[in-house]
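Student: pasting the structure only:
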């Protein structure tokens, strides 16, 4: 699955639905509406606890939601943005991803990340090591996921591209260059998000060249919050081919409609 359609001159766009501080009904209604309105992708995140607002608030598990999303949507790509490899045995994670891809008819993008939210690890009895050890484990998990996907019978229904999220200039972007089909970044705390994205994309280019891979083989994607919609054109000019709007409950999809208008205005 490509982040852009063959012959498409502009970007694709998606929406990430936060599975916190909400109920199942509104979540299901939001992903069905997002699919019907023409979003190119629909995502959720992989956390066990809310990480904004009331820490004891409502929250739902990622892969259970993706299974339902797979059978209740028809056209959009779906996926976790991103799934923490520390939460599950990577071979089991690969099997889960293959099964959801089959349920969706081949529309899954497998987003992976090393994890960062210590409180949920502690609450669920999961170890939370230092940055170096987490990246070591993450790299091993990515390899295990890819190996298991290649051994499953049946395999994925579609291409099941691998997305890696992160901004580490040394280890994360080097891993993206070696292993990923898509790279995702967000810069909500950045003073100049477009400039930082452009700089990081250049770092990724150099890592691709270092490992002997065509930089064009790694699709550049950006997640934005609603206040960053005016930056979308700048991100696209800097090389982003897929823009994802991160949307909290109660899911004001008028903001997603605005992103669709921007896509269409850019030739998407």
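Tutor: Now that the structure is in, tell me what you want to look at. Since the model is a prediction, treat every value here as computed from it, not as a measurement.

Student: quick check: which ranges of the protein have low pLDDT?
Tutor: For the chain, applying pLDDT under 70 flags the ranges 4-9, 268.

Student: please enumerate the helices of it.
Tutor: 24-36, 62-72, 90-104, 118-123, 131-151, 171-179, 193-211, 232-237, 254-265 (DSSP state H).

Student: so which residue is dead centre in the protein?
Tutor: Nearest to the geometric centre of the chain sits residue 81, at 2.8 Å (CA atoms, centre = their mean).

Student: could you find the closest non-adjacent residue to it?
Tutor: Excluding the flanking residues, the one nearest residue 81 by CB to CB, 6 or more residues apart in numbering is residue 43, at 4.0 Å. (Each C-beta comes from the backbone N, C-alpha and C, glycine too.)

Student: so what sits opposite the one you found in the bridge?
Tutor: residue 16, residue 79 (DSSP bridges).

Student: check contacts around it.
Tutor: Contact partners of residue 43, counting by CB atoms under 8 Å, 6 or more residues apart in numbering, are 14-17, 78-81, 111, 244.

Student: hmm, residue 93 and residue 152 touching each other?
Tutor: No - using CB atoms under 8 Å as the test, residue 152 is too far from residue 93 to be in contact (11.8 Å).

Student: looking at the two, which has the bigger crowd around it?
Tutor: residue 93 (24 against 15; other CB atoms under 10 Å).

Student: dump the residue contacts of that one.
Tutor: By CB under 8 Å, 6+ apart, the contact set of residue 93 is 83, 85, 141, 145.

Student: if I read this right, the third one contacts residue 112, doesn't it?
Tutor: Yes - in this structure residue 141 lies within contact range of residue 112 using CB under 8 Å: 7.4 Å.

Student: identify the contacts common to those two.
Tutor: Residues touching both residue 141 and residue 112 by CB under 8 Å, 6+ apart: residue 85.

Student: the more surrounded of those two?
Tutor: Set residue 141 next to residue 112 and count neighbours by other CB under 10 Å: residue 112 wins out with 27 against 21.

Student: from residue 169, how far out is the more buried one?
Tutor: Using CB to CB, to the nearest Å, residue 112 is found at 18 Å from residue 169.

Student: tell me which residues touch residue 115, please.
Tutor: Neighbours of residue 115 in contact, by CB under 8 Å, 6+ apart: 84-87, 121, 128, 134, 138.

Student: any chance of TSV for these, columns distance to residue 179?
Tutor: Formatted as TSV, those follow (distance: CB to CB, whole Å):
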residue	distance to residue 179
84	17
85	12
86	17
87	19
121	24
128	23
134	16
138	11
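
Student: mind putting those into TSV with distance to residue 38 and neighbour count?
Tutor: Putting these into TSV (distance: CB to CB, whole Å; neighbours: other CB atoms under 10 Å) gives the following:
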residue	distance to residue 38	neighbour count
84	30	25
85	32	23
86	35	20
87	32	18
121	37	19
128	40	15
134	37	19
138	34	23
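
Student: going by distance to residue 2, which of those wins?
Tutor: For the contacts of residue 115, the residue nearest residue 2 by CB to CB is residue 85; the value is 24.2 Å.

Student: re the thing from before, now list the buried members of the contacts of residue 43.
Tutor: 14-17, 78-81, 111, 244 (16 or more other CB atoms under 10 Å).

Student: ok, the nearest residue to residue 246 once chain neighbours are set aside to residue 224 distance?
Tutor: Sequence neighbours aside, residue 16 is the residue nearest to residue 246 in space, at 4.5 Å (criterion: CB to CB, 6+ apart). Relative to residue 224, residue 16 is positioned 10 Å away (CB to CB).
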